[in-house]
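Student: below are the sequence and a predicted model; questions follow.
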Amino acid sequence: MSVMENCIFCKIINQEIPSYKVYEDDKVYAFLDLSQVTKGHTLVVPKQHVADIFEYDEALAADVFARIPKIAKALEKAFPEMEGLNILNNNKELAYQSVFHSHVHLIPRYGKDDDFSIHFGDHSADVSKEDMQAIADAIKEQVN
């Protein structure tokens, strides 16, 4: 298992730094995010050190993402007042990644005034059907 010496999440996984653990198995470690954006905000972290999604292979992705529903259902049972759940994975600094050990945020939602929001801009009027096809083709050519 790959570990990075100065990585805060590797230190949490190795019990060198305390955490509020909610789940652990041989592949992942899940613990409460100290910011608690909303009550129950949990991070799901692969035990193998990878910086971001671009370093995952299929096996690691299967291991990590297969655990997400189990932990999400636990959040829902623990907090029946929960009305929804955001699942976020930020990759690289521009995309708001601040700890460079891959992690998935599970953010319970309790209402529109729970101090969490995401904005999706609508640029559909700026993109033609031809542009959309060119974008799709460029991506399709790179999928292995």
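Tutor: All right, it came through fine.
Student: the strands in the chain, which residues?
Tutor: Listed in chain order, the strands found in the chain under DSSP state E are 21-24, 28-32, 42-46, 84-88, 104-109.
Student: parallel or antiparallel, list what pairs with the fourth one.
Tutor: With DSSP bridges as the test, strand 84-88 is paired with strand 104-109 (antiparallel).
Student: and for the first one?
Tutor: Applying DSSP bridges to the sheet, strand 21-24 is found paired with strand 28-32 (antiparallel).
Student: buried ones in the partner strand, by neighbour count?
Tutor: By neighbour count on 16 or more other CB atoms under 10 Å, the buried set for strand 28-32 is Val28, Tyr29, Ala30, Phe31. Every C-beta, even on glycine, is put in place using the N, C-alpha and C of the backbone.
Student: what residues does it touch?
Tutor: With CB atoms under 8 Å, 6 or more residues apart in numbering as the test, strand 28-32 has contacts from 12-13, 19-24, 40-47, 63-64, 67, 71.
Student: of these, buried ones?
Tutor: 12-13, 19, 22, 40-47, 63-64, 67, 71.
Student: and of those residues, the nearest to Asn90?
Tutor: Among those, Leu43 lies closest to Asn90 (CB to CB), at 11.2 Å.
Student: tell me who's in contact with that closest one.
Tutor: The contact partners of Leu43, by CB under 8 Å, 6+ apart, come to Phe9, Ala30, Phe31, Leu32, Asp33, His103, Val104, His105, Leu106.
Student: repeat for Tyr56
Tutor: Tyr56 sits next to Val50, Val64, Ser102 when contact means CB under 8 Å, 6+ apart.
Student: residue contacts, the residue most central in space within the chain?
Tutor: The centroid of the chain falls nearest to Val104 when counting by CA atoms, centre = their mean (1.7 Å). Shown in contact with Val104 (CB under 8 Å, 6+ apart): Leu43, Val44, Val45, Val64, Phe65, Ile68, Ile87, Leu88, Asn89.
Student: can you rerun that using 6 Å?
Tutor: By CB atoms under 6 Å, 6 or more residues apart in numbering, Val104 lies in contact with Val44, Asn89.
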